[in-house]
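*Asks:* just the structure for this:
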Amino acid sequence: CSSEGTLRKSDEALERWSVRGIQRFSGLQKGLIIAGFDALKPGGELVYSTCTIAPEENEGVITHLLAKRPTASLLPVELAGLAMRPAVQEWEGKTFPAEIVLCRRILPQDNDTEAFFVARVQKAGRGCRETKGRRGEYGRQVAMILDRFAIPDSVVAGLAFESTPAAVFVGTPEAMSFDALVPLRRGIRFCRIFPHSIKPASHAMQLLGRWATRNCIRVTTEQAVILANGGETCIEADADDGFVLVVWEGFVLGTGIYRRPVLRSQMPRFRPVD
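*Replies:* Residues are numbered from 1 along each chain as shown. Next up is the predicted model:
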């Protein structure tokens with residue numbers, strides 16, 4: 001790493017330091033963490049630690065892993081006797097995933113030490129010690145969406161999920177295990193995966209959203225027509241900013257994105273609602 005955490009004791013580290021060096025190390029670290037994670041057995045853990053405070057080499061690297069490997073999740077870091085601070089959530093206009101706060105920063109002024117960054121990563125699968133079982137069984141992205149809309153675990157207990165770097169798909173176990181032919185994809189898209197967000201898919205939410213009890217916005221017929229055609233409407237709702245479910249007469253039309261008081265459609269206009 002760029003060794004920023006050793007500057008208090010090393011003049012050489014300061015002489016070697018440069019923004020270009022941070023960028024170069026960050027690229028190397030992203031490749032290393034992916035290789036390390038891929039070498040884990042299901043349920044295995046990886047600790048990523050640096051002696052730098054540069055977010056590009058710390059939170060940025062962990063964000064890269066979470067985006068590229070859907071089976072990766074973060075675990076709490078506990079180090080007795082050390083004062084630790086949560087990871088930063090924003091840097092130079094970029095917002096890191098919410099779970100990044102589980103990573104820890106150890107700063108010189110808190111412990112009279114060098115500076116360190118520590119992240120604890122787990123690969124989903126058998127042997128997973130994550131307390132929320134569905135994170136290990138279904139994957140981080142699925143768990144986040146279930147939590148977002150308070151959909152009970154029992155709703156998806158009999159379903160199977162398949163992850164790719166860009167999306168998660170859901171279907172019956174029989175459909176997901178069918179291998180007589182090589183399909184373009186199995187099941188229906190549950191969510192899309194982007195570097196800094198996870199977008200629930202409207203067609204999956206039409207099926208599973210009926211059990212949601214959180215972040216659902218009920219709309220009138222007039223508003224429903226506007227949203228179904230890809231528009232936006234103003235509405236005061238009891239919902240958090242971010243992705244929401246659009247509900248009309250008890251039926252989930254699809255997804256929207258809410259920035260109070262504006263509700264903007266995220267429903268694909270080329271798909272009819274059955």
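
*Asks:* send the alpha carbons of the helix or strand harbouring residue 60 over as CSV?
*Replies:* Assigned by DSSP states H and E, residue 60 belongs to helix 59-68. Only the C-alpha atoms of helix 59-68 are listed here, as CSV (Å, rounded to 0.1, in the frame of the first residue of the first chain):
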residue,chain,number,x,y,z
GLU,A,59,-13.2,1.4,1.2
GLY,A,60,-12.8,1.7,-2.5
VAL,A,61,-11.2,-1.8,-2.7
ILE,A,62,-13.9,-3.4,-0.6
THR,A,63,-16.6,-1.7,-2.6
HIS,A,64,-15.0,-3.2,-5.8
LEU,A,65,-15.1,-6.7,-4.2
LEU,A,66,-18.7,-6.4,-3.2
ALA,A,67,-19.7,-5.3,-6.7
LYS,A,68,-17.7,-8.0,-8.5
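
*Asks:* for it, the averaged confidence score.
*Replies:* For helix 59-68, mean pLDDT is 90.

*Asks:* that one: what's the following helix or strand?
*Replies:* Sequence-wise, the next helix or strand downstream of helix 59-68 (DSSP H and E) is strand 72-75.

*Asks:* what packs against that next one?
*Replies:* For strand 72-75, the contact count by 3 or more C-beta pairs under 8 Å, 6 or more residues apart in numbering; DSSP states H and E identifies helix 59-68, strand 116-123, helix 140-149 as packing neighbours. (Each C-beta comes from the backbone N, C-alpha and C, glycine too.)

*Asks:* show me the shaky parts of the chain.
*Replies:* 5-8, 10, 13-14, 125-138, 179, 182, 269-274 (pLDDT under 70).

*Asks:* can you show me the helices along it?
*Replies:* Assigned by DSSP state H, the chain shows helices spanning 11-16, 19-38, 59-68, 108-111, 133-138, 140-149, 153-156, 173-177, 202-208, 221-228.

*Asks:* which other residues reach the last one?
*Replies:* Read it as helix 221-228. Helix 221-228 is contacted by residues 219, 232-233, 235, 246, 248-249, 253-254, 256, 263, 265, 267, 269, 273 when judged by C-beta atoms under 8 Å, 6 or more residues apart in numbering.

*Asks:* about what we covered before: need the helices of the chain in a markdown table (columns: distance to residue 194).
*Replies:* Below are these laid out as a markdown table (distance: least, C-beta to C-beta, whole Å):
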| stretch | distance to residue 194 |
| --- | --- |
| helix 11-16 | 35 |
| helix 19-38 | 17 |
| helix 59-68 | 7 |
| helix 108-111 | 34 |
| helix 133-138 | 19 |
| helix 140-149 | 11 |
| helix 153-156 | 22 |
| helix 173-177 | 23 |
| helix 202-208 | 16 |
| helix 221-228 | 22 |
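
*Asks:* residue 82: which of the ones you listed is closest?
*Replies:* Of all these, helix 108-111 sits nearest to residue 82, with 5.7 Å by C-beta to C-beta.

*Asks:* and that closest one, how far from the chain's centre?
*Replies:* Centre-to-centre, helix 108-111 and its host chain are 30 Å apart (C-alpha atoms, centre = their mean, to the nearest Å).

*Asks:* re the thing from before, out of the helices and strands packed on strand 72-75, which gets nearest to residue 53?
*Replies:* Closest among these, using C-beta to C-beta: strand 116-123, at 7.1 Å.

*Asks:* show me what the closest one is packed against.
*Replies:* Judged by 3+ C-beta pairs under 8 Å, 6+ apart, strand 116-123 is in contact with strand 45-50, helix 59-68, strand 72-75, strand 104-106.
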